[in-house]
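K.L.:
Have a look; sequence and predicted model below, questions after that.
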Amino acid sequence: MTVTKGLEGIVATTSSISSIIDGVLTYRGINIDDLAEHASFEEVAYLLWYGKLPNQSELDELIKKFGESAAVPAQVLDQIKLYPSKTNSMAALRTAVSSLALYDESANEMSQEANIKKAIKLQAQIPTIVAAFARIREGKEPVAPKSGVSIAYNFLYMLTGQEPDQVAVKALDQALVLHADHELNASTFAARVTVATLSDIYSGVTSAIGALKGPLHGGANEAVMVMLEEIGSFGNVESYINEKLANKEKIMGFGHRVYKNGDPRAKHLQKMSRELGKLTGNMELYEMSVKIEELVTGQKGLKPNVDFYSASVYTTLQIPRDLFTPIFAISRCTGWTAHILEQYENNRLIRPRAEYTGPVDQKVTPIAQR
Ligand SMILES: CC(=O)SCCNC(=O)CCNC(=O)[C@H](O)C(C)(C)COP(=O)(O)OP(=O)(O)OC[C@H]1O[C@@H](n2cnc3c(N)ncnc32)[C@H](O)[C@@H]1OP(=O)(O)O
Ligand SMILES: O=C([O-])CC(=O)C(=O)O
């Protein structure tokens, strides 16, 4: 048996959803740079699910469906009110998404039609859950979702209870486009493994949220912000990073399993971070981030990944640090569900092997002698 630790380089499935070829990321064959500049998150969701960009009436219909299904069952909101006060935001999301299945009579229906409906519903409801959790823990009532607005707009509106600023909506929308899908990343793989047993879409998305939570994956965006806060000011960057590197500690938001010459999404987030910094008159987080990049790339050759500049972007948008990874989940739900639908279409159980390295020829010792 040949063991490939972390399955590096192993091709485990075919997929026609997104590709990473020679460092270029595409969704359904369209370069991420093109999508980041010219498509909304709703257009990207349609593209990932249906394989083509929507025309105006298809887009209007999808936005209408999002509006119609964004409210979450009152029982799920009541459960969130019972979560312990210091509940981790990704644990809250994982639990609430799992609960949604209990109130959906079609949860275990397996037709393609039922599953696409559930994908749209989950996509509409996850932002509502994240915003409701953020308010409930502050003792505030959740804000009901609006219809006919974008997911970025609705999320910021439900989070603050106020009409969001257009610049913030545009920035969040672009961040959602950039995070929507990424080939066979760990959380998508977790979703595919789960549904390949012919389990339901809610189970697949719940597994994916659990996998995204970790700091080696989606949790890195929050970890980047923890680091920026620990550093505190521009003047401390050099000594902090040099010490971490000397101690062989990882710098969050750097490195990638697939990209060795840089993550194509990072430049868009860097630009956004710079522009938002200028607009708000506070460039410090951006300047600290650029200095960190200079040091880490200079000394280790490691480039920033999608999580690095999203930390300064979301902070400048006044989003609490522990909602960064849930926002990643809001976006990646499109990719997870597109992969789940693709897995169902051509399913085979995913079940690799392990090389056994434990003891052999053991016997049961009677309990009194153990
Ligand atoms: C959306 C996303 O999921 S993007 C990734 C988000 N995660 C992070 O930003 C966390 C920090 N980065 C990492 O931990 C890794 O680069 C990963 C998890 C992204 C990729 O992991 P792998 O492909 O398994 O690479 P691995 O962790 O084996 O690293 C290879 C070498 O580079 C080093 N390295 C990798 N990333 C970093 C880092 N961020 N800081 C310092 N050194 C690093 C490792 O220490 C290792 O060095 P060694 O060979 O001397 O032991
Ligand atoms: O692909 C990966 O391994 C991680 C990643 O960048 C993502 O999920 O966006």
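P.N.:
Nice, I can see it. Ligands and ions are numbered 1, 2, ... in the order given.
K.L.:
So Glu43 sits against Asp60, correct?
P.N.:
No: taking contacts as C-beta atoms under 8 Å, Glu43 lies outside contact range of Asp60: 11.4 Å. Yep, even glycine has a C-beta here, placed from its N, CA and C like the rest.
K.L.:
For those two, indicate the residue with more neighbours.
P.N.:
Higher neighbour count among Glu43 and Asp60: Glu43, with 17 against 13, using other C-beta atoms under 10 Å.
K.L.:
Check which helix or strand the more buried one maps to.
P.N.:
Element membership for Glu43, per DSSP states H and E: helix 41-50.
K.L.:
Run the contact check for that helix versus ligand 2.
P.N.:
No: using C-beta under 6 Å from any ligand atom, helix 41-50 stays clear of ligand 2, coming no nearer than 13.4 Å.
K.L.:
Can you name every helix or strand that that helix contacts?
P.N.:
With contacts defined as 3 or more C-beta pairs under 8 Å, 6 or more residues apart in numbering; DSSP states H and E, helix 41-50 has these neighbours: strand 24-27, helix 56-69, helix 112-136, helix 151-160, helix 166-179, helix 324-345.
K.L.:
repeat that for 10 Å
P.N.:
strand 24-27, helix 32-38, helix 56-69, helix 112-136, helix 151-160, helix 166-179, helix 324-345 (3 or more C-beta pairs under 10 Å, 6 or more residues apart in numbering; DSSP states H and E).
K.L.:
quick one: the helices in the stretch 201-350 of the chain?
P.N.:
Here the stretch 201-350 of the chain has its helices, by DSSP state H, counting those that start in this stretch, at 201-212, 220-231, 237-246, 266-280, 284-300, 306-316, 324-345.
K.L.:
out of those helices, nearest to Leu156?
P.N.:
helix 324-345 (10.4 Å; C-beta to C-beta).
K.L.:
what's the spacing between the spatially closest residue to Met283 that is not a sequence neighbour and Thr316?
P.N.:
Nearest residue to Met283, sequence neighbours excluded (C-beta to C-beta, 6 or more residues apart in numbering): Gly277, at 4.3 Å. The gap separating Gly277 from Thr316 is 6 Å, by C-beta to C-beta, to the nearest Å.
K.L.:
shared neighbours, the two?
P.N.:
Met283, Leu285, Tyr286 (C-beta atoms under 10 Å, 6 or more residues apart in numbering).
K.L.:
What count of nearby residues applies to the second one?
P.N.:
Think Leu285. 23.
K.L.:
again with the first one
P.N.:
Residue crowding around Met283 was assessed by other C-beta under 10 Å; the count is 17.
K.L.:
If we ignore the residues flanking it in sequence, what's nearest whichever residue of the stretch 251-370 of the chain sits closest to ligand 2?
P.N.:
Going by C-beta to the nearest ligand atom, ligand 2 is nearest to Arg257 of the stretch 251-370 of the chain, at 4.8 Å. Among residues not flanking Arg257 along the chain, Glu8 sits closest, at 6.6 Å (C-beta to C-beta, 6+ apart).
K.L.:
unless I'm mixing things up, that neighbour is touching Val258, no?
P.N.:
Yes: at 9.3 Å, Glu8 and Val258 qualify as touching, with contact defined as C-beta atoms under 10 Å.
K.L.:
For the two, work out which one has more neighbours and name it.
P.N.:
Using other C-beta under 10 Å, the more surrounded residue of Glu8 and Val258 is Val258, with 15 against 8.
K.L.:
Quick check: chain neighbours aside, which residue is closest to the more buried one?
P.N.:
Closest to Val258 by C-beta to C-beta, 6+ apart is Ile20, at 5.3 Å.
K.L.:
Make sure the one you found is indeed in a helix.
P.N.:
No: assessed with DSSP: H, G, I helix; E, B strand; the rest coil, Ile20 is strand; it does not lie in a helix.
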